[in-house]
Structure formats: structure tokens, C-alpha cells
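1. Fold the following for me, if possible:
(one chain, ligands or ions: 1)
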Amino acid sequence: MNSIVLLLAVIVVTLLFIRFRRRQFILPPGPKPITLVGNVLDLTSRELWLRASEWARCYGDIVYLHVFGQGLLFLNTYEVAIDLLERKGSIYSDKPRLVMAGELCGCENMVAFTRYGDKARRQRRLMVKALGPNAIPNYHTLLEVETQQLLKRLADDPKNYETHVRRYAGTLTLLVVYGYRVTSNDDLFVNLAEECVDILSNRIASGGGIWPVDVFPFLRYLPLWFPGAGFKRKAIQWKARMQEFTDKPYELVKSRMREGTATPCFCTTLLEEMSEKHEKFAEQDFDLRWTANSMYSASLDTTVTVVLHFFLMMLQHPEVAKKAQKEIETVVGADRFPTFADRVSLPYVDAVMSEVLRWGTPVPLGLPHRLMEDDIYNDMHIPRGTLVFGNVWNMTRNPDVFPNPDAFHPERYMEKVDDATAHRRDPRNVIFGFGRRRCPGSHLIESSLWIVITSFLATFDIKKAVDEHGEIIEPAVVFENAVFRTPNTFPCDIQPRSARAMALIREQSASI
Ligand code: HEM
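-> Model prediction:
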């Protein structure tokens, strides 16, 4: 009996101690919430990063707000993001349980939504195998060939440049992941993927991906016909498309493997290592199916976005394009395409690419992580369950690291600096996210973007378009997205640099 009383006393004292400690710490600063609803009126579904960066200026490195009690934390500097998302990765690597996106729309098995644990670790192991730095040279030839195809389409039909870039991005991933070659602009899988990526990033995830049903999960039980249950009707449609998008290309690989006609790729490599007799086959099959799909979803919009940022910057900064073209002419000449072997000799092209990545900041708020336990940081209390965003936009616009941050200025990377400064200035250390959920596709994009940039500059000029009266059309630069910072289509004039460049494009594409 005495020991029970003692045990109870210890529990009570411990609970009181925890309560007392918590009271000592305050929440991080942020915009003033309204009773009950919190900061719901402060959020916006378009370019939330701009508003988040205004909060950073008002409240500092770390900003907290809540929507109906769901905490949202914005980490506005590299140092804070590393302190929390990387150094405390064991508690900052979970993903939110999103009723709408995850359960109702069927995205819960995509890598970017997978809760932190065994499944996430298994999926990431598969991706490291396919996309780690050692695997990338295996894709070099494929990247060079697909880039030359892109150039040919741009030469044939420059006005529809965005369609060609989308097809390039889609083809590349379909080839790497499913060994599937796209043969027309109206390809079933590319169209399906485009539709699903749009559903995912601009509808399901708009406004940070938080829907009323995420805050009030009981809403999921509303009957479909009930007023306000429109979200459920949408979710049914979207889920069916997502499932199709996951199953169709994967089943095609399997059937081609049975017929002996499959092209070697990420799926075939891993399927060959699996056996249907293995007790964990169902789990492995499931992991692979969803990991393949996640790679596709995560790479399409990001790849399109960075290539469009590159076009836009070359359009607005012809002096930069000229300087890079001169470097390429000196190293590569005019009689062949650049190859990966040329990269070490083209430092200015590398600087242009770094500045495209920094200026563009393709995923300005990263993807949210969920805090798994209460945490204390600099005497501030961060409640368990808070969704944590690295405010990458604020980091790539930090004037202490990038003087005159809105300017597109590749020369900033040409200066000789010590290793620590070079690390701070490399946008790759922030744009791919942080810690245990950092983007596994960063090595692939490093190579694919480089070969596109270099080959394009070697063979094309991009200029402002001219209207029927000969007046220059100033491109309107409009971003109106929720997750990826993809520019709306802008008018431009893309032309081969010379008859020799045109001939090179034709010769090369004829030999493929
Ligand atoms: C410039 C291009 C790209 C950028 C800027 C980018 C950026 C990001 C960011 C910010 C995240 C979230 C990281 C975090 O949670 O901290 C992410 C996650 C992810 N990315 Fe990328 N990405 C790019 C290209 C790619 C490509 C080409 C692939 C695949 C081939 C890919 C696959 C993924 C996957 C699967 C995840 C989820 C990882 C997880 O939650 O564990 N990404 N990416």
C-alpha cells in the first residue's frame, strides 16, 4: 500500500513539475490570433512564403501561429532550420496526419506524406539506391539523349516551349523510374501525371494543405449529400485518379517484365531482387509501387519549374547568357554538344545554375515536418504536433548572405571565399529541405538541369518576343502557386544561335 501511495506521489509531483516547466516557456512570437479560430485569416493559398517572410521581418527567426489550435511554425533562417530540423531530426522528421490529403485523397503512402518510422526509412532506402550520387552517372547518357530531344522540339516548335519542357521532365522520370518511353505530346501517362500533380500541389495542398476536416476530423463522417460535404465529393474523384496514377505505369512494368520486353529502370532493378515467394513480398511490392509514384510526382513540377526559371532569367539577362555562351564556345567549340566531362571547365555556367536555383527557389516553404514531442528552443515552447516549415524563401533572400538578393547575379558565386562562406552561399543547402526528409532527388536534378542549361546555351538564344507592330513584349512574371513557385507562361522568342547549331541539333536527333 505504501509503495502505491509513494508511486502516486511521484507521478503527481512529476506532472506538476512538467506543467510548471511548460508555463515558464512561452510560445514563439507571431501574428496575434483571433479567439478559437486562431490565425486562419492571416493565411493565404497563394505565395504564402511572401507573407511568411513579412512575419519574419516583424517577429524574427522563428514565428508561430495556429489555425483552430493546429500550430504552424516558420523557421526563417538557415541556422534555426539546422538546429531543429537537422540536429533534432529524431523528433522533427514526422509528417502530418492529413485527413484530406492522406486518407480521403489517398496520398498517405506517398513518400512526402509517409509518417516517420519504418515505412519512411524503407522507402528512402529504395530512393537512395536509385538516386544517390553513385547511381547518377548511370543516367548520364539518358540525360544527354533526352536533352537533345528537347532541343529538337524547341527548334521545331519554339512557341510551345512549356509543353516541350513538361514532356522532357515527364519523359525523363518515366524512363528512370518505369523504363517507359514517351512517344507523343499526348501521352496517356504524362497526361495522367500532370493532372495528378496539379490536383496534389494546387488543389489538395493549396493553403498549406490544411482543410477544415484536418482540424475537425469528425467532418469526414458527413454524408456526401450534406451541405458543406463538397470536399468529400472532390476527394472521391481525386483519389480515383491518384490510384490510377500509382497502379498503371507500375503494372505496365510488371507485365513487360513477364513478356521479357521491359527496359531496365528503377522498378525492374528492384523487382528483379524481389521474389513473390518471399514472406514480405506484399510489403515490398507496396513500398516500391508508392515510392516509384512519389518519385514521379515529386520530380515533375520541380523539374519544369527550374527549367522555366532558367528560361526566364536568360530572357531578362541577355548579358549573362552571352557570357556563359562565350565560356561554352571556348571549352566545347561549335561542333559538338557539351557533355558531363566538360563540367569542371565551365565555372560560370555552374554559377548561372546556382543563381537560377537561388533566385527561383522552386519550393519556397519546403514541405511541412511534424514535431513528434514537445520541444523547448531558446526558452520557447514548441508544442508537439506543430507543423514546421523551413522558410527557404526568406533564406535565399537573406541580404547578409546574398547582397541585393532580388537581383539575378551569378557573379556572386565567382568570388573566392572560404569553405564556410561557400557553404552558406550554396542554395542547394536550403532549397532541397532539411534533415532526414531532405529531397532524395537533388543529385538527379543537379545533373539533369546542368545538361539542359549548358546544351541550351550552346545552341539557342532566347529573346523577348515582338508583337505584330514590332514592339517588344515585356514578359509579365506571375507566380500564383501554393507549393511550387512555377511562373505562368511568358511570351518569348527562342531561336537556334546559328545554322551550325541548327545542323548539330538535326544531326544529333537523326542519330538517336
Ligand atoms: C529543383 C528540383 C527539386 C527541388 C527544389 C526539390 C525540393 C524538395 C523539397 C524542399 C522537399 C521537402 C524536403 C523536406 O521535407 O525537408 C523535397 C522532397 C522530396 N523530393 Fe524533391 N526537389 C526537387 C526535385 C526532385 C526530384 C527530381 C525528385 C525525384 C526524382 C524528387 C523527389 C522527392 C521526394 C520523393 C521527396 C519526399 C522526401 C521525404 O519526405 O522523405 N525531388 N524535394
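
2. and this structure, which residues reach the ligand?
-> Applying Cβ under 6 Å from any ligand atom, we find that the chain lies next to the ligand at 111-112, 124, 131, 173, 294-295, 298-299, 302-303, 306, 362-363, 366-367, 369, 431-434, 437-441, 444-445. For glycine as for every other residue, the C-beta is placed from the backbone atoms N, C-alpha and C.

3. Show me those that map onto helices.
-> Counting by DSSP state H, the residues of the chain next to the ligand place 124, 131, 173, 294-295, 298-299, 302-303, 306, 431, 444-445 in helices.

4. those strands in the protein, which residues are they?
-> With DSSP state E as the criterion, the chain has strands at 62-67, 70-75, 369-370, 375-377, 380-382, 387-390, 460-463, 493-496.

5. Now mean pLDDT too, for these, in a markdown table please.
-> A markdown table is the format used below for those (pLDDT from 0 to 100):
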| stretch | mean pLDDT |
| --- | --- |
| strand 62-67 | 96 |
| strand 70-75 | 95 |
| strand 369-370 | 96 |
| strand 375-377 | 97 |
| strand 380-382 | 97 |
| strand 387-390 | 96 |
| strand 460-463 | 96 |
| strand 493-496 | 96 |
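
6. Redo these as TSV? Include mean neighbour count.
-> Listed next are these as TSV, based on neighbours: other Cβ atoms under 10 Å:
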stretch	mean neighbour count
strand 62-67	23
strand 70-75	25
strand 369-370	24
strand 375-377	16
strand 380-382	19
strand 387-390	26
strand 460-463	20
strand 493-496	17
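
7. Spell out, range by range, the helices that occur in the stretch 401-512 of the chain.
-> Assignment of helices within the stretch 401-512 of the chain using DSSP state H, counting those that start in this stretch yields the ranges 419-425, 428-431, 442-459, 499-510.

8. what about residue 37, how many neighbours?
-> By other Cβ atoms under 10 Å, the residues close to residue 37 number 13.

9. quick one, what contacts it?
-> Counting by Cβ atoms under 8 Å, 6 or more residues apart in numbering, residue 37 touches 67, 68.

10. at 10 Å what do you get?
-> Counting by Cβ atoms under 10 Å, 6 or more residues apart in numbering, residue 37 makes contact with 66, 67, 68, 69, 215.

11. Could you do residue 450 as well?
-> 143, 147, 338, 340, 342, 343, 346, 349, 350, 352, 353.

12. and the two most separated of these?
-> Spatial extent of these (Cβ to Cβ) is set by the pair 143 and 352 at 18.1 Å.

13. In terms of neighbours, single out the busier of the two.
-> Comparing residue 143 with residue 352 by other Cβ under 10 Å, the one with more neighbours is residue 352, at 28 against 22.

14. Could you measure from the residue nearest to the more buried one when sequence neighbours are not counted over to residue 490?
-> Leaving aside its chain neighbours, residue 352 sits nearest to residue 410 (4.7 Å; criterion: Cβ to Cβ, 6 or more residues apart in numbering). Per Cβ to Cβ, to the nearest Å, residue 410 is found 20 Å from residue 490.

15. looking at the contacts of residue 450, which has the most residues close by?
-> Result: residue 352 is most packed of the contacts of residue 450 (other Cβ under 10 Å), 28 neighbours.

16. Can you list the low-confidence ranges for this structure?
-> Applying pLDDT under 70 to the chain picks out residues 1-24, 206-209, 511-512.

17. In terms of residue numbering, what are the domains of it?
-> With domains defined by automatic domain parsing, the chain comprises 1-90+368-397, 96-357+432-510.

18. distance between the ends of the last one?
-> So that's domain 96-357+432-510. 49 Å (Cα to Cα, to the nearest Å).

19. Report the distance from it to the chain centre.
-> 9 Å (Cα atoms, centre = their mean, to the nearest Å).

20. Show me which of the contacts of residue 450 is closest to the ligand.
-> Set against the ligand, the nearest of the contacts of residue 450 by Cβ to the nearest ligand atom is residue 353 (10.4 Å).

21. Chain neighbours aside, what residue packs nearest to the closest one?
-> With Cβ to Cβ, 6+ apart as the criterion, residue 353 has its nearest non-adjacent residue at 5.5 Å, and that residue is residue 453.

22. circling back: could you export the helices of the stretch 401-512 of the chain to a markdown table, including columns for distance to residue 484?
-> Shown next, in a markdown table, are those (distance: least, Cβ to Cβ, whole Å):
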| stretch | distance to residue 484 |
| --- | --- |
| helix 419-425 | 23 |
| helix 428-431 | 12 |
| helix 442-459 | 13 |
| helix 499-510 | 29 |
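
23. for those helices, which one ends up most surrounded?
-> helix 442-459 (a mean of 22; mean count of other Cβ atoms under 10 Å).

24. mind exporting it as CSV, just the C-alpha atoms?
-> This file holds the C-alpha atoms of helix 442-459, laid out as CSV (Å, rounded to 0.1, in the frame of the first residue of the first chain):
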residue,chain,number,x,y,z
SER,A,442,18.8,16.5,-55.5
HIS,A,443,21.5,14.6,-57.3
LEU,A,444,19.4,13.8,-60.3
ILE,A,445,18.3,17.4,-60.8
GLU,A,446,21.9,18.6,-60.4
SER,A,447,22.8,16.6,-63.5
SER,A,448,19.6,17.0,-65.5
LEU,A,449,19.4,20.7,-65.0
TRP,A,450,23.1,21.2,-65.8
ILE,A,451,23.0,19.4,-69.1
VAL,A,452,19.8,21.2,-70.1
ILE,A,453,21.3,24.7,-69.3
THR,A,454,24.6,24.0,-71.0
SER,A,455,23.2,22.4,-74.1
PHE,A,456,20.5,25.1,-74.5
LEU,A,457,23.0,27.9,-74.1
ALA,A,458,25.3,26.2,-76.6
THR,A,459,22.7,26.1,-79.3
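
25. residues touching residue 184, list them.
-> Residues counted as contacts of residue 184 (Cβ under 10 Å, 6+ apart) are 167, 190.

26. mind checking how far it is from the ligand?
-> Here the criterion is Cβ to the nearest ligand atom, to the nearest Å. By it, residue 184 lies 23 Å from the ligand.

27. so what's the backbone phi/psi at that residue?
-> With angles defined as degrees, to the nearest 10, residue 184 sits at phi -140, psi 160.

28. what about residue 410 and residue 490, which has more around it?
-> The residue with more neighbours, out of residue 410 and residue 490, is residue 410; 23 against 20, by other Cβ under 10 Å.

29. The more buried one contacts residue 314, correct?
-> No. Residue 410 sits out of contact with residue 314 when judged by Cβ atoms under 10 Å, with a separation of 11.1 Å.

30. Find the residues that touch each one of those two.
-> Taking Cβ under 10 Å, 6+ apart as the criterion, residue 410 and residue 314 both touch 320, 324, 352, 356.

31. Could you list which of those residues belong to helices?
-> Per DSSP H, those map to helices at 320, 324, 352, 356.
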